[in-house]
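S.K.: Sequence first, predicted coordinates after that:
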Amino acid sequence: MPQTAPPQDAAPTANTALPDQTQLLQTIARDLANVQRNIEQLKANQQQMARESSKAIEELKASQEEMKRALAKVSEPKALPAPTQPAPAARKPERTSIPPYARARPRIPREWFYDEW
């Protein structure tokens with residue numbers, strides 16, 4: 001039997017399929033590496049957001065405590081200091097005597113006068 005050459009299509013297909021698969025695998029590997037980098041970046045962003053949220057929560061709690069203290073301070077009844085009055089004078093007032101002619105005469109009621117004399 002004469003040997004016939006293999007069909008032209010079979011050999012080149014196997015050879016060309018190999019480079020196509022290699023290129024496809026390289027593309028998949030690149031895409032997987034990109035996905036992995038994106039996942040790592042998302043993890044880092046999530047951790048950063050968690051830290052910032054914790055910090056914001058702590059600041060909020062501290063602010064609330066400060067407000068509570070300020071409200072308690074304002075609402076507690078304030079004891080007003082007793083008004084300071086001047087101390088009474090230690091000395092006795094001087095007694096002044098009024099001369100008799102300077103004093104006003106007491107008024108005598110009208111009914112005490114006798115008109116019939």
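M.R.: Cool, got the structure.

S.K.: Tell me the confidence at residue 65?
M.R.: Reported pLDDT at residue 65 in the predicted model: 95.

S.K.: Could you list the low-pLDDT ranges of this structure?
M.R.: Counting by pLDDT under 70, the chain shows low-confidence ranges at 1-17, 78-83, 86-90, 92-93, 95, 99-103, 110, 112-117.

S.K.: what about residue 59, helix or strand, and which?
M.R.: helix 10-75 (DSSP states H and E).

S.K.: Next: residue 84.
M.R.: Residue-wise, residue 84 maps onto no helix or strand under DSSP H and E.

S.K.: what about it, how many residues close to it?
M.R.: Using other CB atoms under 10 Å, residue 84 has 6 neighbouring residues. For the C-beta atoms, the positions are set from N, CA and C on the backbone; glycine is no exception.

S.K.: quick one: contacts for it?
M.R.: Neighbour list for residue 84: empty [criterion: CB atoms under 8 Å, 6 or more residues apart in numbering].
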